[in-house]
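[1] The following block contains a protein sequence and its predicted model.
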Amino acid sequence: MQKEEFTGLCGEFAFLKNHELTRAILPIVESHLAKHNQEKLPVVWIETNDSGDNNISFMNTTYPYLGRVFTDMIDLLYSNTFMAAQGREALGILDQVAETYKGKFTLVVEGAIPKRENGLYNIIARTENRLITALEAVSWLGQRAEYVVAAGTCASFGGPSAARPNITGSVGVREVLDREVINVSGCPVNPDWFVGTLAHLLMYGRPELDNLGRPTLFYGFTVHRHCQRRSYFDNNDFAQKLGDIECMFSLGCMGPRTRADCPYRQWINYVSWPVKANTPCIGCTNEDFPDGSMPFFTPMPEKEKTGGSGREKIKPTEGCKE
Amino acid sequence: MSLQRIMFSPVTRLSGLLSVDVIVEQGRVIEANAGGTMFRGFEWIMRDRQVNDAVYMTQRICGICSLAHGAVASYLLDELYNNDLQENAQYLRNIMYAADFLQNHIRHFYLFSLPDFVIMPNHPPFHGQNLIDARLDPKDNLRLVNHYFEAVKAAQKSHEILAMFGGKAPHQHSFVHGGVAVALTADKINRALALIKDIKKFVESHMVPDTELIARVYSDYFRIGITPEHLLSFGLFRFGVKNETFLWKSGVLADGRFSLPRLDLIKEDVNRSWFDESNKLEIKPDPHKTGAYTWVKSVQYEGRHYQVGPLARMIINGFYSGGVSTMDRIYARTLETLLITELVQ
């Protein structure tokens, strides 16, 4: 509201009683606050079949640190890892939140969903008379959420939890929900990719996604493209063993067909990443991780021949130009 | 006579999923079945793969203690290939191992345990806290809440040390068979030292006094959760050309008698676990098995259950002389954290 408008209003209401002026101004103030005071993102976090590495990775976020994420960015309404409530009351919170925030909350799933045996391989909670499987919980919450975010490679594509022989029939979240899932893959997910995706949802809504449902902001280019050791690759100068300073392609590096910004971004307060530690990238953000990356230390063109049975055919040249 | 059943589920603030089914008779717990309710089948996943892959793959078993799994795989590969380890590599391996321990213990105490003693701020993720036995005075309570958020940073710094040498965390890359892939250079030593000084200061000025305060206010917790005094440790922090020496020794302590652990005395019992034993050569997962309540296998040593972890290590090595209760376990974890910060430095 402009100053002139405000003084005009004051003049108009100068002789009226019963808080008429306040009544006229309050809605304008409220709408201004609603527009300019960023609300927090309501989040429901379900842990399913994974190692819990993604919540640990989330705890490693710096600027914002975890405390600030909780106070300024998200309302973490349910989380097996962080919530203070426990037992039946914790489950009560989940029911209540799913109702109160219907259509408004972001569902974060950490882990793959076992489908075999009706999902009995992962039970997120029990009551005296029934079991709640991850399959049931994610299917139910997935329909009610505004956004669904898969944190880590297990939740995105199955990952290590679905590695062969996959006796639990584990799959990524996208295969149990008939809706869009934002896949923030990685084993674990880099805290920046995850917190950054939540920040995007909060500030601008749905981020631009690649053909695997991943935010292009983080997964737009291959590791190979921005690798500090790219010149070694271009000059055919390859490492002989772990610990060498040359290109790790000879030791099984998956950089040429792995999309992630690790070379720029790095890990844990941006101090290092696997190639900087003189070891190969093992392609942990990929749809076919880990089977498609194994054996980890065998060069890409030979992986398939020597026993790495990826869920998709390995095309050694794919991505090399990027 | 009336039996009462209490299903405590979900047990929150842990790594993984847990439900506890308790049967109470006339105010006395007569049965408590702790059920681990997630199953991935790593025993099967690890088969028919290149053996070197075990260092990275086994770390995916657990996110909060990932390095320990990779370390064991590395030690086994060292044995398999008859590797000779350099002294510097052993030092660096142990610094990385220690950094992951610090991260784990600090998070365990503050992020997972503390909300069982402290009234947390009434906002997510702490809303609806059903703490029924809060005893701290408001001033102490507020101080410990603030320490929760400082612990977040101390744990992050611990992982920063690990990532400097390991490339990333969890699931580090450079602690592998044969040694370590990263050189221990002056710049990295200096940075790691600065980080460990911060962490040590946090442990000394916060974690130790906070543990002592809780142990004092909840002193009756020294009389609950008492297990038989059967303690087992496989030792920690290996040195030597063949990983043959341990800084903290291994041992078996049963009813006051000490012996060295023997692998042939370990047995897995799946009687109450969701596994079908009808084929003697190979058990199979069976989520429908009657009478079973968990995916966790019951591991026995000489036919009995043993306690492992910080308390066992501390008592076996003579660093702690307390009992084997709930509060002793918490106390020993903090003591181990303090000792590790001193060792790293």
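    Yep, it's here. Numbering: from 1, shown residues only, chains lettered A, B, ... in the order given.
[2] May I have stretch A:7-26 exported as PDB, CA atoms only?
    Presented in PDB, the C-alpha positions along stretch A:7-26 are these (Å, rounded to 0.1, in the frame of the first residue of the first chain):
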ATOM      1  CA  THR A   7      -3.400   8.500   4.800                       C
ATOM      2  CA  GLY A   8      -6.500   8.600   2.600                       C
ATOM      3  CA  LEU A   9      -7.900   5.600   4.500                       C
ATOM      4  CA  CYS A  10      -7.000   7.100   7.800                       C
ATOM      5  CA  GLY A  11      -8.900  10.300   6.800                       C
ATOM      6  CA  GLU A  12     -12.000   8.200   5.700                       C
ATOM      7  CA  PHE A  13     -12.100   6.300   9.000                       C
ATOM      8  CA  ALA A  14     -11.100   9.100  11.300                       C
ATOM      9  CA  PHE A  15     -14.600   9.600  12.800                       C
ATOM     10  CA  LEU A  16     -15.700   5.900  12.900                       C
ATOM     11  CA  LYS A  17     -15.400   3.800  16.000                       C
ATOM     12  CA  ASN A  18     -15.400   0.000  16.600                       C
ATOM     13  CA  HIS A  19     -11.900  -0.500  15.100                       C
ATOM     14  CA  GLU A  20     -13.200   0.200  11.500                       C
ATOM     15  CA  LEU A  21      -9.700   1.400  10.500                       C
ATOM     16  CA  THR A  22      -8.000  -1.700  11.800                       C
ATOM     17  CA  ARG A  23     -10.700  -3.900  10.100                       C
ATOM     18  CA  ALA A  24      -9.900  -2.200   6.800                       C
ATOM     19  CA  ILE A  25      -6.200  -2.400   7.000                       C
ATOM     20  CA  LEU A  26      -5.700  -5.900   8.600                       C
END
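[3] what about it, distance to the chain center?
    The gap between the average C-alpha position of stretch A:7-26 and the chain average comes to 49 Å, counting by Cα atoms, centre = their mean, to the nearest Å.
[4] Stretch B:239-255 now?
    18 Å.
[5] these two touch, right, residue B:299 and residue B:268?
    Yes - using Cβ atoms under 8 Å, residue B:299 makes contact with residue B:268 at a distance of 5.8 Å. From N, CA and C alone the C-beta is placed, and that goes for glycine too.
[6] Extract the residue ranges of the chain that are flagged as low pLDDT.
    Reading this off chain A. A:1, A:17-18, A:27, A:29-38, A:305-322 (pLDDT under 70).
[7] nope, chain B please
    B:1.
[8] 90 instead?
    B:1-2, B:27, B:255, B:280-281, B:345 (pLDDT under 90).
[9] Mind listing what's buried along the longest helix seen in it?
    Longest helix in chain B by number of residues (criterion: DSSP state H): helix B:138-166. Residues of helix B:138-166 classed as buried by neighbour count (16 or more other Cβ atoms under 10 Å in any protein chain shown): B:141, B:144-145, B:147-166.
[10] Burial check on residue 168, number of neighbours?
    No chain specified, so I'll use chain A. Using other Cβ atoms under 10 Å in any protein chain shown, residue A:168 has 26 other residues around it.
[11] my question was about chain B
    Neighbours around residue B:168, by other Cβ under 10 Å: 29.
[12] what residues are up against the nearest residue to it once chain neighbours are set aside?
    In space, and not counting its chain neighbours, residue B:168 is closest to residue A:267: 3.9 Å by Cβ to Cβ, 6 or more residues apart in numbering or on different chains. By Cβ atoms under 8 Å, 6 or more residues apart in numbering or on different chains, the residues touching residue A:267 are A:190, A:273, B:163, B:167, B:168, B:169.
[13] Those residues: which two are farthest apart?
    A:190 and B:167 (12.1 Å; Cβ to Cβ).
[14] Which strands or helices does the host helix or strand of residue A:148 pack on?
    Per DSSP states H and E: residue A:148 is located in strand A:147-151. Applying 3 or more Cβ pairs under 8 Å, 6 or more residues apart in numbering or on different chains; DSSP states H and E, one finds that strand A:147-151 contacts strand A:106-110, strand A:182-184, helix A:191-203.
[15] In its sheet, which strands sit next to the next helix or strand after the longest helix of chain B, and in what direction?
    Going down the chain from helix B:138-166, the next helix or strand is strand B:175-176, by DSSP H and E. Take DSSP bridges as the rule and strand B:175-176 pairs in its sheet with strand B:179-180 (antiparallel).
[16] can you give me the offset of the partner strand from its chain's centre?
    23 Å.
[17] can you list contacts of it?
    Taking Cβ under 8 Å, 6+ apart as the rule, strand B:179-180 contacts A:243, B:83, B:85, B:86, B:89, B:92, B:93, B:96, B:165, B:174.
[18] Looking at those, which is nearest residue A:277?
    residue B:174 (4.4 Å).
[19] Now, of the contacts of strand B:179-180, which are buried?
    Going by neighbour count (16+ other Cβ under 10 Å), those have A:243, B:83, B:85, B:89, B:92, B:93, B:96, B:165, B:174 buried.
[20] Tell me which two of these sit farthest apart.
    B:83 and B:165 (18.8 Å).
[21] Just give the nearest non-adjacent residue to the residue of the stretch 1-150 of chain A at minimum distance from chain B, would you?
    Residue nearest to chain B within the stretch 1-150 of chain A (Cβ to the nearest Cβ): residue A:53, separated by 2.9 Å. Leaving aside its sequence neighbours, residue A:53 sits nearest to residue B:63 (Cβ to Cβ, 6+ apart; 2.9 Å).
[22] So that neighbour sits against residue A:60, correct?
    No - applying Cβ under 8 Å as the test, residue B:63 and residue A:60 come out as separate, 10.9 Å apart.
[23] who in the stretch 101-250 of chain A is up against chain B?
    For the stretch 101-250 of chain A, the residues in contact with chain B (Cβ under 8 Å from any Cβ of the partner chain) are A:114, A:117, A:120-128, A:160-161, A:163-168, A:170, A:187-188, A:242-243.
[24] And the strands in chain A?
    All strands of chain A, identified by DSSP state E, fall at A:41-47, A:74-79, A:106-110, A:113-114, A:123-126, A:131-133, A:147-151, A:170-171, A:182-184.
[25] do the same with the stretch 201-345 of chain B
    B:230-233, B:236-239, B:245-248, B:251-254, B:257-259, B:266-269, B:275-276, B:284-285, B:298-301 (DSSP state E, counting those that start in this stretch).
[26] got these as a markdown table, with distance to chain A and mean neighbour count columns?
    Below are these laid out as a markdown table (distance: least, Cβ to the nearest Cβ, whole Å; neighbours: other Cβ atoms under 10 Å in any protein chain shown):
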| stretch | distance to chain A | mean neighbour count |
| --- | --- | --- |
| strand B:230-233 | 24 | 22 |
| strand B:236-239 | 19 | 19 |
| strand B:245-248 | 24 | 16 |
| strand B:251-254 | 29 | 18 |
| strand B:257-259 | 34 | 9 |
| strand B:266-269 | 18 | 12 |
| strand B:275-276 | 12 | 16 |
| strand B:284-285 | 6 | 16 |
| strand B:298-301 | 19 | 14 |
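[27] TSV for those, including distance to residue B:5?
    Formatted as TSV, those follow (distance: least, Cβ to Cβ, whole Å):
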stretch	distance to residue B:5
strand B:230-233	29
strand B:236-239	40
strand B:245-248	42
strand B:251-254	33
strand B:257-259	39
strand B:266-269	24
strand B:275-276	24
strand B:284-285	26
strand B:298-301	22
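[28] Which of these sits closest to residue A:229?
    strand B:236-239 (31.6 Å).
[29] partners of that closest one in the sheet?
    Looking at strand B:236-239 with DSSP bridges, what it pairs with is strand B:245-248 (antiparallel).
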